[in-house]
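Trainee: Sequence and computational prediction follow.
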Amino acid sequence: MSNDGFDRFKGSSDYVTSRPLRNAVNVSITLGRPLLIRGEPGTGKTLLAHSIAKGLKKKLIIWNIKSTTKAQEGLYVYDTVQRLNDSRFGDKDVSDIKQYIKLGKLGQAFAAPEQVVLLIDEIDKADIEFPNDLLNELDEMSFYIPETNETIKAVHRPIAVITSNAEKELPDAFLRRCIFHYIEFPDAKLMEEIVRVHFPDIKNNLLQEALRTFYSLRQIDQFRKKPSTSELIDWIRALIAGGLADEKISAEIPFIGTLLKKEPDYNYFVKTRMGRYDNTYDTRR
Amino acid sequence: MPVSVTEWMTLMEALDRNCITNLDEFYYLARAILVKSEIHYDHYDVAFQEYFKGIEGPADISEQILEWLKNPINRTTLTEQERALFDKMDLDELMRELEKRLKEQTEQHDGGDYWIGRGGTAPFGHSGSNPAGIRIGGQSGGRGAIQIAQERRFRNYRSDLTLDVRQIKMALRGLRELNRIGPEDELDLPKTIEATSKNAGDIELIWTRSRKNAVKLLLLMDVGGSMEPFAELCSLLFSAAHSSSHFKDFQYYYFHNCVYDNLYRDMERREAMSTEHLLRTLERDYKVVLVGDARMAVQELTDRWGAIYYYERNDSPGIMWLKRISEHFTHCIWLNPEMPSYWNHPTVQMIGKLFPMYELTLDGLGQSVKKLVVKR
């Protein structure tokens, strides 16, 4: 349909994608720009990078971001303390700075001899300035190490996938350089496909019952944390292992603990299931 | 919708490379490149519709509405007042009203407040639980871009419509004052280097205290009576503050209409705690957030024994208690869930003179947080 291998990513056997998501991935690969993925927890943001790596048969480099992560760590770390320590005992040639330069995940992705998939996971966990510190590096896909007077430049621009939970607003300058996609919560049809990937032999009755119950639970806005895909998968696993009759699923909702993880949610559920539709506001007057 | 030249050029580049073959692909391509937040997806859909016109109005919705109304669980999400309205109207009337509103909503895209029902009169619930939350619009496979845009599935993500715990938490994150406290467990690199150099290269490690948030928060909330319609909104604020782990200390108390001799630890106002005691025991540097509509009979605020409940028998008028709070603590603000256009009421005005008053919305919360961390 088009030139330079557009539409290359088609999903992988263990990860079901929607068409808009595939489009976004391919646009990002074609234009060589990072792909920013956002969505509810449990919609498979992180797994996407795994799937791209698998689907395109490329190596995956994962950079997990924590609240303490600094942008510099992704490029390289100059282990000065080690060098200082070595200098005191004189058993190494400390004049060779190179051996104290350790490339970070971003550095490794640039230095790789072939194109890799780089996952920067949960970028919003880091300090608010963190994305800005990486602007130039992600734009040029290169950086300079003053200590050794070296420039690390990507031979092949890595396919960069960045995930975010939007806990903090990302800076505009950073957003401008990204391709953005918001993963919606899958609808029942897509969810059926997803479940079948995990449980190829699942019985249709069980699947339909489970899905119906799952989506009706998700419609209760009162839950602090609505059950998500990963919880559904766990629940179905429990259902299969439990071997209960299908019609019991919607009637009794066994193993509810795998779906509802918060105590208020569980209490709310039990209360409404008991048929007591008390107005919750009564207690506040 | 903020779109920069950079993004526009990127779209041109993508088009130049023949990335798309039809309108559907264009819809997703342009969205991925131009729109950087799901908050703006709906605006994009509206713009897309407007440009690629020739489409029908909203699909037949009656069936979905009926479904929504039938499910008793939905009723529990309404407040007392809303349920009363529900009970007044019969099902047909209710549906006509809802359809009318949905139509208006499609026509005027910024009619946000109408839906949130913050005026306390809209019978269709608060942001999170309004029936627009049911997916309105068809659900079929293989639809074209215009239909997808028409569905406006991302309406619920618009920031002018929704306010959720996470967003409030984000706003509350601004409430930070980083101080070096606690044990000395962080390596101070510059000082270590300096000391090591002075020590002729023999390593000398210097430790320092790590930076921690020093903000202590006191939340005082008006409950019951005229605050009923905002119960959902207030409980969002409460859960956000309660689950924000970054405060050094977080305390909360409830009151009804105005603060008098006692504050209460529970919403039912059974477990009392004297306001006097609170003022004596809490340091002045607690950040105080009062939440309430500040609307009451004037004598409730200004008179001795003015409290609406006889048993309160307050010796000092409410306004004096509020004044003491505002004088004791260095940083206080008042969040009002009602729209500023309703603030033209004597008691709201009087309280507004004591505390900087902000609307309980994301914007108002953002402004009030700034006010709370200002250096005095």
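Mentor: Looks like it arrived, so ask away. Note that this is a predicted model, so its numbers are computed, not measured.

Trainee: any weak-confidence spans in the stretch 251-376 of chain B?
Mentor: Applying pLDDT under 70 to the stretch 251-376 of chain B flags residues B:310-311, B:376.

Trainee: Name the residues of it found near chain A, please.
Mentor: By C-beta under 8 Å from any C-beta of the partner chain, the residues of the stretch 251-376 of chain B that approach chain A are B:267, B:268. All C-beta atoms are positioned from the backbone trio N, CA, C, and that covers glycine.

Trainee: list the contacts for residue 261?
Mentor: Reading this off chain A. Contact analysis of residue A:261 by C-beta atoms under 8 Å, 6 or more residues apart in numbering or on different chains lists A:225, A:231.

Trainee: hmm, I had chain B in mind actually
Mentor: B:274, B:275, B:276, B:312, B:314, B:315, B:316, B:321.

Trainee: Max pairwise distance over those residues: which two?
Mentor: Of all pairs drawn from the contacts of residue B:261, the greatest distance, 14.3 Å, lies between B:276 and B:312 (C-beta to C-beta).

Trainee: Between the two, which has more neighbouring residues?
Mentor: Neighbours per residue (other C-beta atoms under 10 Å in any protein chain shown) separate residue B:276 from residue B:312, with residue B:312 holding more: 17 against 12.

Trainee: Contacts only, for the nearest residue to the more buried one once chain neighbours are set aside.
Mentor: Nearest residue to residue B:312 in three dimensions, chain neighbours excluded: residue B:260, at 5.4 Å (C-beta to C-beta, 6 or more residues apart in numbering or on different chains). Listed by C-beta under 8 Å, 6+ apart, the contact set of residue B:260 reads B:275, B:307, B:312, B:314, B:316, B:318, B:321.

Trainee: Surely residue A:194 is in contact with residue A:16?
Mentor: Yes - contact criterion C-beta atoms under 8 Å: residue A:194 and residue A:16 qualify, at 4.8 Å.

Trainee: Now for these two: what residues contact both?
Mentor: Taking C-beta under 8 Å, 6+ apart as the criterion, residue A:194 and residue A:16 both touch residue A:186.

Trainee: Which residues are in contact with residue A:61?
Mentor: A:105, A:108, A:109, A:112, A:116, A:117, A:118, A:119, A:158.

Trainee: Roughly how far does the third one sit from residue B:366?
Mentor: In this structure, residue A:109 and residue B:366 are separated by 37 Å, where distance is defined by C-beta to C-beta, to the nearest Å.

Trainee: Mind checking which of these two has more residues around it?
Mentor: Taking other C-beta under 10 Å, residue A:109 and residue B:366 do not tie; residue A:109 has more neighbours (28 against 15).

Trainee: mind checking which helix or strand that one is in?
Mentor: Using DSSP states H and E, residue A:109 sits in helix A:105-111.

Trainee: Which elements pack onto that helix?
Mentor: strand A:59-64, helix A:71-75, strand A:116-121, strand A:142-145, strand A:150-153 (3 or more C-beta pairs under 8 Å, 6 or more residues apart in numbering or on different chains; DSSP states H and E).

Trainee: Give me the distance from it to the chain's centre.
Mentor: Distance of helix A:105-111 from its chain centroid, counting by C-alpha atoms, centre = their mean, to the nearest Å, is 19 Å.

Trainee: if I look at residue A:226, how far off is chain B?
Mentor: 11 Å (C-beta to the nearest C-beta, to the nearest Å).

Trainee: Where do the strands of the chain begin and end?
Mentor: Let's take chain A. For chain A, the strands defined by DSSP state E occupy A:35-39, A:59-64, A:76-78, A:101-103, A:116-121, A:142-145, A:150-153, A:159-164, A:179-183.

Trainee: actually it's chain B I care about, not the one you picked
Mentor: For chain B, the strands defined by DSSP E occupy B:178-187, B:207-213, B:216-222, B:249-255, B:262-264, B:272-274, B:287-291, B:331-336, B:357-359.

Trainee: show me the residues around the most centrally placed residue in chain A that make contact.
Mentor: Chain A has residue A:46 as the residue nearest its centroid, 2.1 Å off, counting by C-alpha atoms, centre = their mean. When contacts are counted by C-beta under 8 Å, 6+ apart, residue A:46 is found next to A:119, A:121, A:163.

Trainee: wait, isn't residue B:265 in contact with residue B:273?
Mentor: Yes - here residue B:265 reaches residue B:273: they are 6.0 Å apart, a contact under C-beta under 8 Å.

Trainee: anything in contact with each of the two?
Mentor: Listed contacts common to residue B:265 and residue B:273 are residue B:253; contacts here mean C-beta under 8 Å, 6+ apart.

Trainee: can you redo the helices and strands packed on helix A:105-111 as JSON lines with mean pLDDT?
Mentor: Shown next, in JSON lines, are these (pLDDT from 0 to 100):
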{"stretch": "strand A:59-64", "mean pLDDT": "94"}
{"stretch": "helix A:71-75", "mean pLDDT": "89"}
{"stretch": "strand A:116-121", "mean pLDDT": "93"}
{"stretch": "strand A:142-145", "mean pLDDT": "89"}
{"stretch": "strand A:150-153", "mean pLDDT": "88"}
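
Trainee: from the ones you listed, which stretch is densest packed?
Mentor: strand A:116-121 (a mean of 25; mean count of other C-beta atoms under 10 Å in any protein chain shown).

Trainee: Need the residues that contact that strand.
Mentor: Strand A:116-121 is contacted from outside by A:34, A:46, A:49-50, A:52-53, A:56, A:58-65, A:74, A:105-106, A:109, A:156, A:158-163, using C-beta under 8 Å, 6+ apart.

Trainee: Same question for the worst-scoring helix or strand of chain A on mean pLDDT: list its buried residues.
Mentor: Within chain A, no helix or strand scores below helix A:246-252, which has a mean of 75 by mean pLDDT, DSSP states H and E. Of the residues in helix A:246-252, those buried by neighbour count under the rule 16 or more other C-beta atoms under 10 Å in any protein chain shown are residue A:249.
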